[in-house]
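Asker: The following comprises the amino acid sequence and a computationally predicted model.
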Amino acid sequence: MQEEEFTQKVAANEFIEWEMVYTGKYYGTLKSEVQRLWSLGKAPLVDIDVQGALNIKKLFDNQVITIFIQAPSMVELEKRLHARGTENPQSIEERLHKAADELTYASQFDVIVINDNLEKAIMDTTAVIDNFLQKK
């Protein structure tokens with residue numbers, strides 16, 4: 001979606017949440033898409049930034065569960081970003097700064113999953129989601 005179209009949708013209140021996550025990079029969750037999935041009896045799963053997750057939590061309270069996926073340390077996160085080979089030094093610095101800020105909100109999430117082992121983090125996250133869906 002182009003920036004102009006995105007800002008038009010923001011003005012029309014078409015997003016449940018939206019954010020400029022990184023300079024010039026906007027992300028949002030369309031109300032229409034979430035409503036479409038709910039109408040099909042499905043549970044939407046969104047991968048969003050911290051502010052977006054907390055906004056959705058405020059709007060839907062106990063109808064949603066928030067999961068904070070956390071790197072084991074900032075040092076490990078920096079290693080992972082370098083290992084990807086997709087980031088320049090400036091974007092790595094921006095991502096590390098954002099991650100440090102986001103860590104301050106972790107306690108406001110329903111669950112924190114430490115991603116120190118990918119397979120275990122996947123199993124832990126899946127178990128949290130399954131337990132939540134079974135209670136609904």
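Answerer: Sure thing, it's come through.

Asker: Please count neighbours and contacts with C-alpha atoms only from this point.
Answerer: Will do.

Asker: Over to the residue positioned nearest the centre of the chain: give its phi and psi.
Answerer: Using Cα atoms, centre = their mean, the residue of the chain that lies closest to the mean C-alpha position is Ile48, 2.2 Å off. Phi and psi for Ile48, reported as degrees, to the nearest 10, are phi -130, psi 170.

Asker: try Leu54
Answerer: phi -70, psi -30.

Asker: Near it, how many other residues are there?
Answerer: When neighbours are defined as other Cα atoms under 10 Å, Leu54 has 18 of them.

Asker: what's the answer for Ser39, then?
Answerer: 10.

Asker: Are we agreed that Gln90 is in a strand?
Answerer: No: applying DSSP: H, G, I helix; E, B strand; the rest coil, one finds Gln90 to be helix, outside a strand.

Asker: Now for it: which residues touch it?
Answerer: Counting by Cα atoms under 8 Å, 6 or more residues apart in numbering, Gln90 makes contact with nothing.

Asker: swap the cut-off to 10 Å and go again
Answerer: Counting by Cα atoms under 10 Å, 6 or more residues apart in numbering, Gln90 touches Leu96.
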